[in-house]
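Enquirer: the sequence isn't on hand, but the structure is:
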């Protein structure tokens, strides 16, 4: 009788050992072929805000529905709607940019916006284009693309553009159309 109990105990231990050993192989995570650590973002964030500053001075606030941060190249991809609030040296809000998506270079904090880009200044000047770049160091916005500008003084269209981020001093390189508003022709 006693021998039978010992045999049961040994069989139970062996059964449990083999069962646990067999499960070990099943719970190991599998790695998908073709996935490289450089092809997936190091960080992801939803409905977030990024502050770009220099020496403690706020230069821009960026809001985006979905953000992906990559270490190589050092960039932040902005998806699902982008809104950028630009600020001057006195920390006053100067203009607002909206676009479908964008990208921030982490080394320079330069911004690239794509898809239905609209910039509206505090003075109600409105710029529309499909692609726009913001040079953080010079606080300059520019594009080689077609642009349309509507201000309280005029309406201008053309190809190639640069301006301060307040949209006060702008240049269009190849003007294709220009009209003045009734208030500016008096």
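Expert: Noted; the coordinates are in hand. Just so you know, these numbers come straight off a predicted model, no measurement behind them.
Enquirer: so for the helix or strand containing residue 118, what gets flagged as buried?
Expert: Using DSSP states H and E, residue 118 maps to strand 111-121. Residues of strand 111-121 classed as buried: 111-114, 117, 119-121 (neighbour count, 16 or more other CB atoms under 10 Å). (C-beta placed from N, C-alpha, C; glycine too.)
Enquirer: and of the residues you listed, the nearest to residue 166?
Expert: Comparing those against residue 166 with CB to CB picks out residue 121 as the nearest, at 5.5 Å.
Enquirer: which ones are touching that closest one?
Expert: By CB atoms under 8 Å, 6 or more residues apart in numbering, residue 121 lies in contact with 94-95, 166-168.
Enquirer: still on that earlier bit, buried stuff in the helix or strand following the strand holding residue 118?
Expert: Sequence-wise, the next helix or strand downstream of strand 111-121 (DSSP H and E) is strand 126-135. Burial within strand 126-135, assessed by neighbour count using 16+ other CB under 10 Å, is assigned to 127-129, 131-134.
Enquirer: ok, the strand holding residue 118: who's next to it in the sheet?
Expert: The sheet places strand 111-121 alongside strand 93-99 (antiparallel), strand 101-105 (antiparallel), strand 126-135 (antiparallel), with pairing taken from DSSP bridges.
Enquirer: residue 75 contacts residue 108, correct?
Expert: No. Taking contacts as CB atoms under 8 Å, residue 75 lies outside contact range of residue 108: 10.3 Å.
Enquirer: more neighbours: which of the two?
Expert: Higher neighbour count among residue 75 and residue 108: residue 75, with 17 against 11, using other CB atoms under 10 Å.
Enquirer: dump the residue contacts of the more buried one.
Expert: Neighbouring residues of residue 75 by CB under 8 Å, 6+ apart: 69, 103-106.
Enquirer: now the residue nearest in space to the middle of the chain: how far from residue 49?
Expert: Among the residues of the chain, the one closest to the centroid is residue 78, at 2.0 Å (CA atoms, centre = their mean). Distance, residue 78 to residue 49, by CB to CB, to the nearest Å: 11 Å.
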